[in-house]
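Engineer: Quick check, what structure comes out for this input:
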Amino acid sequence: MAKKRRKLEKKNEEAKSEEVSVKEENPKEKEGIRKYIGMFVSGLIIGLIIGVALLSLFYVENRSTTISAKEAGQKAVDWISNYAVRPGTKVELINVTEVDGEGIYKLSINLSVGNASQVVQSYITKDAKYLFPQGIPTGEFVELKKEVEQQQNKKQEQKLEIPKSDTPNVKLFVMSYCPYGLQAEKAFLPVYKLLKDKADMTINFVSYA
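Structural biologist: I've put the predicted structure just below:
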């Protein structure tokens with residue numbers, strides 16, 4: 001009986017020692033997990049800070065390249081006055097409006113020389129780097145080009161159409177007393193003899209005296 005008690009006591013002591021070791025290991029594991037989570041959260045926060053900073057720089061850069069409508073209009077007037085019109089032409093800005101969703105300003109500009117004047121529509125980008133003296137509606141331009149080509153084709157077809165007849169009508173007009181007319185008659189007669197039954201051929205004398 002004493003031996004059995006000793007064995008049971010040893011087993012109980014071993015079980016207690018294992019529980020103690022487990023309890024000692026658990027805090028270390030928890031501490032490692034906490035460190036891992038802390039590093040992950042720190043990295044996430046740093047990434048967010050960097051992302052916000054980059055977005056802020058991008059936003060500031062875009063804002064810095066965009067100028068007001070008034071400034072863009074004045075730049076357009078200055079450029080047109082210096083490079084696009086002949087000396088003595090007065091260039092006046094009437095108004096500037098923003099074209100929604102296109103990133104450009106629309107300009108109404110008055111050009112005047114003496115008593116003659118004309119209002120033109122121009123466009124300029126919001127950073128004033130590109131100026132378009134005139135806007136071309138591409139869709140309308142394509143349709144107009146097609147109409148012009150169709151009209152030209154019709155005219156060419158009309159020019160190529162030659163009236164057809166069963167008997168060809170050939171007339172030679174010769175000026176009276178003209179030596180070259182006599183030569184033309186000599187060249188015409190052999191053809192007349194050859195084709196007189198197949199064509200209506202005549203010599204007509206004219207005088208402009």
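
Engineer: what phi and what psi does the backbone show at L93?
Structural biologist: Backbone torsions for L93, taken as degrees, to the nearest 10, come to phi -90, psi 120.

Engineer: what's near enough to touch it?
Structural biologist: When contacts are counted by Cβ atoms under 8 Å, 6 or more residues apart in numbering, L93 touches 73-74, 76-77, 107-110. C-beta coordinates here come from the backbone N, C-alpha and C atoms, glycine included.

Engineer: tell me the domain ranges of this structure?
Structural biologist: For the chain, automatic domain parsing gives the domain ranges 1-65, 69-136, 169-206.

Engineer: Show me what the mean pLDDT comes to for the last one.
Structural biologist: Confidence for domain 169-206, expressed as mean pLDDT, is 78.

Engineer: One more: the second one?
Structural biologist: Confidence over domain 69-136, taken as the mean pLDDT, stands at 88.

Engineer: What segments of this protein are strands?
Structural biologist: 90-99, 104-113, 116-125, 131-132, 169-175, 200-206 (DSSP state E).

Engineer: So for E147, which of those sits nearest?
Structural biologist: strand 116-125 (23.1 Å; Cβ to Cβ).

Engineer: could you check the angle strand 104-113 makes with that closest one?
Structural biologist: 160 degrees (axes from the mean of the first three to the mean of the last three Cα atoms, to 10 degrees).
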